[in-house]
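[1] next come a sequence and a model predicted from it.
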4 protein chains.
Amino acid sequence: MSKEPQGKELNWKTRVGGQVDGKPVVRGYPLDDLVGRVSFAEAIFLILKGELPSEREKKMMEAMLVACIDNGIGPPSVVAARTVFSGGNPLNAAVGAGVLTLGDSHGGAIEQCARIYQENFPADVVDIRAHAKAVVEEFDKKKKRLPGYGHKLYKRDPRTLRLLELAKEYGYMGRFVEFAVAVQDELEAKSGKNLPLNVDGMIAAVISEMGLSWKNGKGLFIIGRIPGLVAHVVEEWEREKPFRRLEEGTYAYDGTPVRPVPGTR
Amino acid sequence: MSKEPQGKELNWKTRVGGQVDGKPVVRGYPLDDLVGRVSFAEAIFLILKGELPSEREKKMMEAMLVACIDNGIGPPSVVAARTVFSGGNPLNAAVGAGVLTLGDSHGGAIEQCARIYQENFPADVVDIRAHAKAVVEEFDKKKKRLPGYGHKLYKRDPRTLRLLELAKEYGYMGRFVEFAVAVQDELEAKSGKNLPLNVDGMIAAVISEMGLSWKNGKGLFIIGRIPGLVAHVVEEWEREKPFRRLEEGTYAYDGTPVRPVPGTR
Amino acid sequence: MSKEPQGKELNWKTRVGGQVDGKPVVRGYPLDDLVGRVSFAEAIFLILKGELPSEREKKMMEAMLVACIDNGIGPPSVVAARTVFSGGNPLNAAVGAGVLTLGDSHGGAIEQCARIYQENFPADVVDIRAHAKAVVEEFDKKKKRLPGYGHKLYKRDPRTLRLLELAKEYGYMGRFVEFAVAVQDELEAKSGKNLPLNVDGMIAAVISEMGLSWKNGKGLFIIGRIPGLVAHVVEEWEREKPFRRLEEGTYAYDGTPVRPVPGTR
Amino acid sequence: MSKEPQGKELNWKTRVGGQVDGKPVVRGYPLDDLVGRVSFAEAIFLILKGELPSEREKKMMEAMLVACIDNGIGPPSVVAARTVFSGGNPLNAAVGAGVLTLGDSHGGAIEQCARIYQENFPADVVDIRAHAKAVVEEFDKKKKRLPGYGHKLYKRDPRTLRLLELAKEYGYMGRFVEFAVAVQDELEAKSGKNLPLNVDGMIAAVISEMGLSWKNGKGLFIIGRIPGLVAHVVEEWEREKPFRRLEEGTYAYDGTPVRPVPGTR
């Protein structure tokens, strides 16, 4: 710890990292000793949780981050990022606009879901299926939608299926993942529709198993998705002309018909 | 209205403005006919509300926008804007970052307040002081703070006092402004502290008198404050060196003390 | 001026505005004395230039700001702003993303043009048409495009025509506006194409007449356009569902065909 | 490749990733087959370069990303991110503002440096020390500063020293890294000052060895630094009160002294 100044009286203090004896430190570890010894995903786990991951935590973290990396050109974050670049802006402004787009409705389900898993799940619950049923009914009564379920394209989300395989292999089929799957079954039984646990809901359950606070949910998605945003903006740079505007015929003005400004005639 | 394509079936349609017969139109008026005939504040009123203001609406709008224009270098939006510029970014990225900073805790009270005024105020209320008392008690019971009251620097906010003068002059002392002042009196009587109606609360009351939806509250503040943000960024450009970082001695790392990376020793 | 602390030794100092004797001040004027006495456009002129405008400066400023206010739903800044909102983000993040989009290729011509007018125009030039010819040739030789000329939609930009009328009326047909028009004539004579002085180029010439530095060019456009961005985001809020993604059939993956991950089979 | 629609005629097309036969694909590989089989750093290499890395490329990529992960609370990107959060905004807006801050003067040297390495280095250069000398003299003559050299805190950058060790171990001491070090020696000999190859310059040289275009330089830094930005914003959320403004006594208004608004007196 740096001796002076006293952290408590300063406005700007942090436990994330800093300079100690003239060398960079992250969560207590000398940064240059981490370089070459831990993978990027291990360092991400460290900086978010404060401790290095175990071997199985590392493997699961690598898998979840890879699962978030890209989902094509269609999502709003990519459209916004490429559009900002096309206005004649630097790459970081464009990627930043992509991050801005990742709000409650776009990658937000990890945080929302993990909060439900972590806050609505008393430690003494034994019958997980019964608890899932109760939670589904509670949301139904309040006419609120459970985040983390359903997907426009998939009956079962291929990324979730793969993460479930790995969760089994690495020993993450604990109460949160069990609960997440039980909610899916309950929702589908109740509605008669496909409402698969999607990749957001699955990651929410796994980080809950890992003891990562739900407050890291959105951040984890941002970290996982940003390489895709960078790749899209570089592609926009190399492949497209500036100034994307909506094409003629794809938009319309449907407001007040033309009228004279008072006093013109 | 543009005849083709049919607005209803398109993803991108707007009543704000567009091209009609090859000429730009805003809320139905030919833009070039507005130029030179309406003031900027009148055009702002038009684009937000859909209709041009009356003379007294215009005057009040000019006054409110001027009241928002700047509050010195101290607020977080200015710090963020100047900091982004100092990272080596263009002016628009810096000003954009200033706008990003204007969240729930910074200029957000206009929207929050106007929503309370507009949604918690039944049309049949006659005794406004009694209603103010009831609302203050309701918030007190829920242990929620009423937005729009209190100020770090002022016993009475000089901008509010000036806007109250003008509200009297232009005929805006209607039920919303009366209610806003009654709530102040009630809060102060109850707490024995200075809790003045601040400029956000005052503007919230006036736009409610004008029939502007609370959804325009944050936008109005952004429009009013942006000239100040631009002026600060231009000043940063002309007067400061790049790369503002916190000064030595003003910040501290107070996290985990230095420890060896496992396997290094 | 606030007596303590000494501005020169601090990191954060400003001439834009601040608190003096407990009251807000903008460019030396008490803010509450400005409220109700100057229009919003006058306050904008003041905060950018440091002095209140004359009557004709005020009128011209109102006209230019109105001319920028909106250009429909098609431009990239509106697409980005509405897309960010649709990701489940607050209004200020969406409007901020719109501002981010206003880069070199979108509203950037005011700054670029005003710089050319202000820096490439020796005080001793008498024959403005000859100078215009020389500048056009210089750009032609360097194979660089002069910003501020040409428009996708217009043979003559209706906003420019209107601003030219007002420039005549208010006495702004000085050397910069004359030069701007002379360049248009030169470009059209040389190319045989329509290359009208557009609204950006016209505003660039007028602010040069007013003695406003080209560094204010982009800021002026942002200030003028932001009410349109706010109106579009409020409309998105009231009228559209969350999560705009590109529609099926309007985009494609045209990268490497599907191939197995090494080691999977 | 998706058969319809034809990529060439659409506005929105990408080689980064998409849906093929209803499953997500990244650079040709099924995403769910990548999950659990490649590390996050390998997936980052893939999405930027289009191909999976070799073993040594993977190791070097992990090391470079870890080296970027954080540098304490002092840099402008962290100040901006935490300030935006403190305005009452969601985590993604705050992290996005951090990314916005990463402009030409903050993390920009990787791109600038890699461009110099990649564009100013003819393939037929044999004597690397002589070429370094020539480039240093060229910049000196133009009075331009070479990016990637010098550091406020270090005589030798500890991250560079560690990356140099690894570059030796993994076989990356090729012409670009040799050149980068030779430039350092030349600059120091010429100036008699410490001008160490810093972490940005070192990464620039390594990605040039790897065949990654300089256009990926800024993106790589953003990807590496974003976990630190996320951790700082989560800490702001958990540990600080809203509305950071500059503290009394740390800033000043040093503009025009107070004066009356014309017409007030």
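    Received the coordinates, thanks.

[2] drop to CA atoms for contacts and neighbour counts, all remaining ones
    Will do.

[3] hey, where'd the helices end up in the stretch 101-250 of chain A?
    A:109-119, A:128-141, A:158-170, A:175-191, A:199-209, A:217-239 (DSSP state H, counting those that start in this stretch).

[4] not counting the second one itself, show me its contacts.
    So that's helix A:128-141. A:125, A:145-146, A:175, A:178-180, A:182-183, A:186-187 (CA atoms under 8 Å, 6 or more residues apart in numbering or on different chains).

[5] nearest to residue A:229 among the residues you listed?
    Set against residue A:229, the nearest of the contacts of helix A:128-141 by CA to CA is residue A:146 (27.6 Å).

[6] and that closest one, how far from residue A:188?
    Distance of residue A:146 to residue A:188, given as CA to CA, to the nearest Å: 12 Å.

[7] repeat for residue A:26
    Noted for residue A:26: a distance of 45 Å to residue A:188, by CA to CA.

[8] with residue A:212 instead?
    Distance from residue A:212 to residue A:188, by CA to CA: 28 Å.

[9] what's the answer for residue A:102, then?
    For residue A:102, the distance to residue A:188 equals 28 Å [CA to CA].

[10] now do residue A:63
    From residue A:63 over to residue A:188 the distance is 27 Å, taken as CA to CA.

[11] so between the two, which is more surrounded?
    Under the criterion of other CA atoms under 10 Å in any protein chain shown, the comparison of residue A:63 against residue A:188 puts residue A:63 first, with 26 against 16.

[12] got the angle for the helix or strand where that one lies vs helix A:199-209?
    Per DSSP states H and E, residue A:63 falls inside helix A:55-67. Helix A:55-67 and helix A:199-209 are oriented at 160 degrees to each other (axes from the mean of the first three to the mean of the last three CA atoms, to 10 degrees).

[13] so what does helix A:55-67 touch, helix or strand wise?
    Counting contacts by 3 or more CA pairs under 8 Å, 6 or more residues apart in numbering or on different chains; DSSP states H and E, helix A:55-67 packs against helix A:40-49, helix A:158-170, helix A:217-239, helix D:31-34, helix D:40-49.

[14] in contact with the residue nearest in space to the middle of chain A, which residues?
    Central residue of chain A (CA atoms, centre = their mean): residue A:221, 2.3 Å from the mean position. Residue A:221 is in contact with A:65, A:68, A:107, A:110, counting by CA under 8 Å, 6+ apart.

[15] can you pull the pLDDT of the residue nearest to the first one when sequence neighbours are not counted?
    To tie it back to what came earlier, the one meant is residue A:65. When the adjacent residues along the chain are set aside, residue A:65 lies closest to residue A:224, with 4.6 Å between them (CA to CA, 6 or more residues apart in numbering or on different chains). Note for residue A:224: predicted pLDDT of 98.

[16] tell me the contacts of residue A:224?
    A:64-69.

[17] try it again with 10 Å
    Contacts for residue A:224 (CA atoms under 10 Å, 6 or more residues apart in numbering or on different chains) come out as A:41, A:62, A:64-70, A:218, D:40, D:44, D:223, D:226-227.

[18] still on that earlier bit, I'd like the helices and strands packed on helix A:55-67 laid out as JSON lines, including distance to residue D:121.
    Below are the helices and strands packed on helix A:55-67 laid out as JSON lines (distance: least, CA to CA, whole Å):
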{"stretch": "helix A:40-49", "distance to residue D:121": "31"}
{"stretch": "helix A:158-170", "distance to residue D:121": "44"}
{"stretch": "helix A:217-239", "distance to residue D:121": "22"}
{"stretch": "helix D:31-34", "distance to residue D:121": "36"}
{"stretch": "helix D:40-49", "distance to residue D:121": "21"}
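
[19] shaky segments in chain A?
    With pLDDT under 70 as the threshold, chain A has low-confidence stretches at A:1-8.

[20] check which residues of the one helix or strand residue A:85 maps to are buried.
    Residue A:85 is part of helix A:76-86 when elements are defined by DSSP H and E. Using 16 or more other CA atoms under 10 Å in any protein chain shown as the test for burial, helix A:76-86 gives A:76-86.

[21] mind putting the residues you listed in CSV, distance to residue A:19 included?
    Shown next, in CSV, are the buried residues of helix A:76-86 (distance: CA to CA, whole Å):
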residue, distance to residue A:19
A:76, 38
A:77, 35
A:78, 36
A:79, 39
A:80, 36
A:81, 34
A:82, 36
A:83, 38
A:84, 35
A:85, 35
A:86, 39
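
[22] from those, pick the one nearest chain B.
    The shortest approach to chain B among the buried residues of helix A:76-86 belongs to residue A:84, at 10.4 Å (CA to the nearest CA).
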